[in-house]
Structure formats: structure tokens, C-alpha cells
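S.K.: Here you go, sequence then predicted model.
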Amino acid sequence: MDDDNILLELASKGYARETSTIRLSRQLGLSQQSVSRRLIEIEGAGLIKRQSSPQGMRIEITPAGKELLRLRHRKLSAVIRGSSKISGKLVSSLGEGAYYMSQKGYLSKIKKELGFIPYPGTLNLETDDLPIGEPVEIPGFTTKERTFGPLKCYPIKIGDTRGAVVVPARTHHRGILEVITPVALRKKLRIKDGDTVELEEI
């Protein structure tokens, strides 16, 4: 059973109540030894906190665990949606996209794999939708100053402009999709913060 499946079971069965590994083994359909091992593993990963009490054991799902569940929910919603279209509200970025999209290590690989050199910046969309297609993997690289992580790029188009949704291995933008294209879309489409933008996966 995967970590997010364990978390889902804990959440659906009242994870904040006092319980025991014996009770959890019955609820989860696993042996007591398996439950104990998995609880140790996901606690070590920072997904839950456990506290012993005279009544048993109290389990609390951490913010990281809740974020994993939210990601699972968004992925399932995308599958159920069964659509290649994604819509979101345009929001301002912090300028990080311009920095990353100016790195030669990314530019050469994106050009090779996606067929275009991205405009130095990203179009940020606030949405719970997620791409459901197969991503193009862009490997990370290291410069004298720092290491840059790998990217997953999901090919899309906005109108007649091709681009990609970029998902860094590490991102602080929860609920935000970062889109790259070869042109400055804000100017081309005359869009501003708060406007709804629709993407189509290709």
C-alpha cells in the first residue's frame, strides 16, 4: 500500500482518534507488523506524527501529509475530468521563472525536447487542474554556483501558441501551474491578472 493510500485510509477512518496497530491492521487489511513498519516509514518521511496515550496511540497527519493527499485528489480529479483542457486564473509571478528560463542548461534541453526556446519567464495559473498526459523529462544540471533540479514538461497549446506546463522537482507554488511558451503571452493575448486562461494538452 502506497504512502498516500495509507494516509487516505487514516484520514477516512478518523486518524485523529486514539487507536492501536491492532485496530489499524483490521481497518487497513494488513498485518500488525506491516502496519507498524509503514507507520514508522511515513512518520520518518514527515507525513504523520504519533503520540502515545493511556488510551492508545494518536495519529496526526502533518501539513506535508495533507499536501500529499491534496495532490492525490487533484490527480484523481484530472483523471475523472477526462479532458485535455485546463483552465486557471492568471496570477503574478515572483520573477523566479525568468531566472530559471534564462539558464542555458535548461534552454538547450527544452529546445531539443520541445522544439522551442522559452520566453524568459513563466505564465502562472492558479488552478486545481493538473495535466494528465505523459510529461517530457528535462534533466537537471550543475553550474559553478548551484545545482538545478529536473523538470517535467507537459506539452500544451494556448490558442495557436505551443508551450508546456513545467513542474519542477521542487516547487513552492502549490495550486499554481507554470507555463512556458516561445513568446510573451501576456502581450500577445492581451491578458492580465485575474483573467481566465485555457490550455489544451497536446
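M.R.: Done, it's in. All figures in this text were calculated on a predicted structure; none of them were measured in a lab.
S.K.: Reduced to three states, what does Arg37 come out as?
M.R.: Counting by DSSP: H, G, I helix; E, B strand; the rest coil, the backbone at Arg37 sits in helix.
S.K.: Could you list the buried residues of stretch 22-41?
M.R.: 23-25, 28, 30, 35, 38-39 (16 or more other C-beta atoms under 10 Å). Where you see a C-beta, it was placed from the backbone N, CA and C, and this is true even at glycine.
S.K.: biggest separation within the residues you listed, which pair?
M.R.: Distance extremes for those: the farthest pair is Arg23 and Arg38 at 14.6 Å, using C-beta to C-beta.
S.K.: show me the contacts for the residue nearest to Asp129 when sequence neighbours are not counted.
M.R.: Once flanking residues are discounted, Asp129 sits nearest to Ile86: 4.3 Å by C-beta to C-beta, 6 or more residues apart in numbering. Going by C-beta atoms under 8 Å, 6 or more residues apart in numbering, Ile86 touches 125, 127, 129-131, 156, 165, 177, 198-201.
S.K.: what pairs with the helix or strand containing Ile86, and is each one parallel or antiparallel?
M.R.: Here Ile86 sits within strand 85-91, counting by DSSP states H and E. Strand pairing for strand 85-91, using DSSP bridges, gives strand 123-126 (antiparallel), strand 196-201 (antiparallel).
S.K.: tell me the centre residue of the chain?
M.R.: In the chain, the centroid-proximal residue (C-alpha atoms, centre = their mean) is Leu71; its distance is 6.0 Å.
S.K.: State the three-state secondary structure for that one.
M.R.: helix.
S.K.: could you measure the residue of the chain most remote from its centre against Thr161, distance?
M.R.: Distance to the chain centre peaks in the chain at Pro54, reaching 38.6 Å (criterion: C-alpha atoms, centre = their mean). From Pro54 across to Thr161, the span is 63 Å (C-beta to C-beta, to the nearest Å).
S.K.: so what's Ala11 up against?
M.R.: Ala11 neighbours (C-beta under 8 Å, 6+ apart): 61, 69.
S.K.: still on that earlier bit, looking at the strands paired with strand 85-91, spot the one closest to Met101.
M.R.: Nearest of those (C-beta to C-beta): strand 123-126, 11.1 Å.
S.K.: Show me what secondary structure element comes after that closest one.
M.R.: According to DSSP H and E, the helix or strand after strand 123-126 is strand 136-138.
S.K.: Can you point out the buried residues in that next one?
M.R.: Ile138.
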